[in-house]
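[1] here is the input, now give the coordinates:
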Amino acid sequence: MKQIKSWRARAGLNPARTAALSFALMILAGTILLALPAMSRSGESPGLFTSFFTSASAVCVTGFTLADTASQWSLAGQAVILLLVQLGALGFMMAYSLILLLFRREIILSQRVMLASALGLKNIGGVTRLIRHGLMGTLFFELAGTLLLAVRFVPAYGWGEGLWKSFFHAVSAFCNAGFELMGGGLWGFADDPHVLMVHMMLTVIGGLGFFVWEDLLLAKNWRSLTLYSRLALSATGVLLLLGWVYFTWAEWANPATLGALAPADRVVGGLFQSVNLRTAGFALFDQGGMTEAAQAVSLLFMVIGGCSGSTACGIKVVTALVLAAALWAGLRGRPETVIAGRTIPREQVRNAMTLTFVVVLAAFLAAVVLAHVEGMAFLPILFETVAAIGTVGLSTGITADLTLFSQSVLLVLMFLGRAGVLALSLGFLIRRPAETRIGYPTCDLFIG
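    As a prediction, this is how the structure comes out:
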C-alpha cells in the first residue's frame, strides 16, 4: 500500500476525484445523446431532464426510469442506454483500459497506479492481468447470457428483436442495472424458470466482482482462496439464502406478489426477489404490493448490495460483515474485531461504520424531506431513496409521479450511491492518517 501511495504522490493522481469526475462526464455525454430526437421512438426529444435522469440512472447502474425503456426509446436510444450501463458498471478506468488493450497499447505507469488505487490493490504488479481477466470474463458472461436468453426470446420475438432483447437483458443483468425491454418488469416470464435463472446467475456473477473472479481462477481449492474471497462468497450465499426463505414465506399468500403464481413459481420468485434486491433491480412483481414488513426487510438488502470491485453497489457485503463482527465483539466486551481468526484493523472498522452511516443517513434524511414535499407515506418514499442510493432501482411505482424536486433528489442519491460511495471508499484507501497535534484529556460518559 505504501508503494501505491508513493507512486500516486509522485504522479499527482487522485483516484477518488477522478472516479467522481469520470462518472459525471459520462452522465453529461449520455444526456446530450439521449436528448436528440432520433433517440426517441416518437422522433421528438424526450426533454432534457428525462434524458438527464435516464443517463444518470444508466451510468449509475440503477434502473430508475421516468418512461418505459421499450416504448420511449428507439433502437439507437436503447443502444446508448446499454453503452452507458456498460461503461458505468466497468468504471471509466476499466473501460479506458479495454480500449488500450484492444489497440494493443501499453498501460503506462501512472495509469497502472490509478487502476491499482481504484481496484484496491496493494501493488501494481497484478493490475494488467486483473483488468484483462475482468474484461474477458465480462465479455464471456454477457455473450453466454445472450445465447441462453435467446433460447426463449428468439422464438417469442423473432430473430432480430429476440437477439437484441437477449443481449440487452444479459448486459443489464450482469451489470446489475435492472433496465428491461419487456415493459413493466419480468412478470410475463414469472412461470419461466429458465429466463429467471439466467438473469439471476448473471446478476450474482456480476455482483461478486473482479477480485473474486481472479481468486477463483487462480486458487486450487477453498483454503487457497484469499480471506476476502471466502468472506465475500460465504456472505453472499448466506444473504441469498436468508432472503430467499424470508420473501418466499412472507409473500407466499399475497395475491399482489407471489400469491398469484403456482407454488413452484413462488419458490423461484422468492429467490429472484432475494437476488435482485442486492442492486440488480429487475422486478418480478409490483414492489408496492409487498407487505410493509417485507418492504422494511428489503431496505436492509438494498443497503448491503454486492461485493467490492463488482458491478454492484451498496455498502458491500464484506463491509456489512465487518459491522456485524464489530457488533458481536462489542456485545461480548471484546476490544478487537475478529473474523475467521483474523483481527480487523480498527481503522477499517471505523471506515465501515463511517461509510454505512453516511449512506443510511443520506437515504433517511432525503426520505424525510421527500415525504413532506410529496405528502406521502414515509415507507414508500424511504424505499425509493434507499433504492436510489443503493443503485437498486426497484420502485414501489411512484418514481414517475414524483415532483421534479423529488426526482432531482433521487438523481443526486443515485450519483452518490455509485460515484460518491466509490470515491469515499477510495478516500479510505489512499488517504494518510491525520496527525493529532493537540491532545485532549479523556473523560468517561454514560453510554446506554
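[2] point out where the chain drops to low pLDDT.
    Scanning the chain with the threshold set as pLDDT under 70 gives 1-18, 91-128, 422-437, 443-448.
[3] scan the chain for its longest helix.
    helix 127-157 (DSSP state H).
[4] next SSE downstream of that helix?
    Once the chain leaves helix 127-157, the next helix or strand it forms, by DSSP states H and E, is helix 159-174.
[5] residues of that next one that come out buried?
    Neighbour counts over helix 159-174 (16 or more other Cβ atoms under 10 Å) mark 162-174 as buried. Using the backbone N, CA and C atoms, a C-beta is placed for each residue, glycine as well.
[6] that one vs helix 127-157, what angle?
    Put simply, helix 159-174 runs at 140 degrees to helix 127-157, going by axes from the mean of the first three to the mean of the last three Cα atoms, to 10 degrees.
[7] by contact count, what packs against helix 159-174?
    Applying 3 or more Cβ pairs under 8 Å, 6 or more residues apart in numbering; DSSP states H and E, one finds that helix 159-174 contacts helix 75-90, helix 127-157, helix 193-208.
[8] now it, how far from the chain's geometric center?
    Put simply, helix 159-174 sits 20 Å off its chain's centre (Cα atoms, centre = their mean, to the nearest Å).
[9] which residues touch it?
    Defining contact as Cβ atoms under 8 Å, 6 or more residues apart in numbering, one finds that helix 159-174 is touched by 63, 75, 78, 82, 85-86, 89, 138, 141-150, 153-157, 177-182, 198-199, 202-203, 205-206, 280, 282, 311.
[10] from the contact counts, what lies against the helix or strand harbouring W244?
    Per DSSP H and E, W244 falls inside helix 227-250. Using 3+ Cβ pairs under 8 Å, 6+ apart, the elements in contact with helix 227-250 are helix 193-208, helix 210-218, helix 263-276, helix 292-304, helix 317-331.
[11] buried residues in the third one, which are they?
    The neighbour-count criterion (16+ other Cβ under 10 Å) identifies 265-276 as the buried residues of helix 263-276.
[12] what's the answer for the longest one, then?
    Residues of helix 193-208 classed as buried under the neighbour-count rule (16+ other Cβ under 10 Å) are 193, 195-196, 198-208.
[13] and what of stretch 373-390?
    374, 376, 379-390.
[14] tell me the one of those nearest L300?
    Lowest distance from L300 to the buried residues of stretch 373-390 (Cβ to Cβ) belongs to V386, with 9.1 Å.
[15] quick check: the closest one vs F415, distance?
    V386 sits 15 Å away from F415, going by Cβ to Cβ, to the nearest Å.
[16] for I81, same thing?
    Going from I81 to F415 by Cβ to Cβ gives 17 Å.
[17] and those two? Which one has more around it.
    Using other Cβ atoms under 10 Å, the more surrounded residue of I81 and F415 is I81, with 26 against 23.
[18] so that one makes contact with G178?
    No - at 11.6 Å, I81 does not count as touching G178 under the criterion of Cβ atoms under 8 Å.
[19] how about A89, nearest residue that isn't a chain neighbour?
    Leaving aside its sequence neighbours, A89 sits nearest to C175 (Cβ to Cβ, 6 or more residues apart in numbering; 3.5 Å).
[20] from P345, how far off is the one you found?
    Look at C175 and P345: by Cβ to Cβ, they are 32 Å apart.
[21] out of these two, which sits in the more crowded spot?
    Neighbour totals were compared for C175 and P345, and C175 leads with 30 against 10 (other Cβ under 10 Å).
[22] what is the distance between stretch 157-176 and the centre of its chain?
    Remark: stretch 157-176 is offset 19 Å from the chain centroid, using Cα atoms, centre = their mean.
[23] C-alpha coordinates for that stretch, CSV please?
    Extracted in CSV, the C-alpha atoms of stretch 157-176 (Å, rounded to 0.1, in the frame of the first residue of the first chain):
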residue,chain,number,x,y,z
TYR,A,157,-40.0,-12.2,-30.6
GLY,A,158,-38.2,-13.3,-33.8
TRP,A,159,-34.5,-13.3,-34.6
GLY,A,160,-33.9,-9.5,-34.7
GLU,A,161,-35.9,-8.4,-31.8
GLY,A,162,-35.2,-11.6,-29.8
LEU,A,163,-31.4,-11.3,-30.1
TRP,A,164,-31.5,-7.6,-29.2
LYS,A,165,-33.6,-8.3,-26.1
SER,A,166,-31.4,-11.2,-25.2
PHE,A,167,-28.2,-9.1,-25.5
PHE,A,168,-29.8,-6.0,-23.7
HIS,A,169,-31.0,-8.1,-20.8
ALA,A,170,-27.8,-10.1,-20.5
VAL,A,171,-25.7,-6.9,-20.2
SER,A,172,-28.2,-5.2,-17.9
ALA,A,173,-28.3,-8.3,-15.6
PHE,A,174,-24.6,-8.8,-15.5
CYS,A,175,-24.1,-5.0,-14.8
ASN,A,176,-26.7,-5.2,-12.1
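[24] start the count at 36 instead of 1 going forward.
    Sure thing, new numbering starts at 36, so read that last one as stretch 192-211.
[25] JSON lines for the helices and strands packed on helix 194-209, including distance to M61?
    Below are the helices and strands packed on helix 194-209 laid out as JSON lines (distance: least, Cβ to Cβ, whole Å):
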{"stretch": "helix 110-125", "distance to M61": "6"}
{"stretch": "helix 162-192", "distance to M61": "17"}
{"stretch": "helix 228-243", "distance to M61": "19"}
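[26] pretty sure S264 is touching G244, no?
    No - S264 is beyond contact range of G244, at 9.5 Å (criterion: Cβ under 8 Å).
[27] contact partners of stretch 352-364?
    Around stretch 352-364, the neighbours that count as contacts under Cβ under 8 Å, 6+ apart are 263, 266-267, 270-271, 274, 339-343, 370-374, 379, 383-384, 387-388, 390-391.
[28] quick revisit: hmm, the residue nearest to A124 is touching G341, no?
    No - using Cβ under 8 Å, C210 is not in contact with G341; the gap is 11.1 Å.
[29] what touches both of those two?
    G241.
[30] ok, and what's touching stretch 258-272?
    Stretch 258-272 is touched from outside by 239, 242-244, 246-247, 250-251, 254, 257, 341-343, 352-353, 355-356, 374-375, 377, with contacts defined as Cβ under 8 Å, 6+ apart.
[31] buried subset of these, written for PyMOL?
    Restricted to buried positions by 16+ other Cβ under 10 Å, the PyMOL selection for the contacts of stretch 258-272 reads:
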select buried, resi 239+242+243+244+246+247+250+341+342+343+352+353+355+356+374
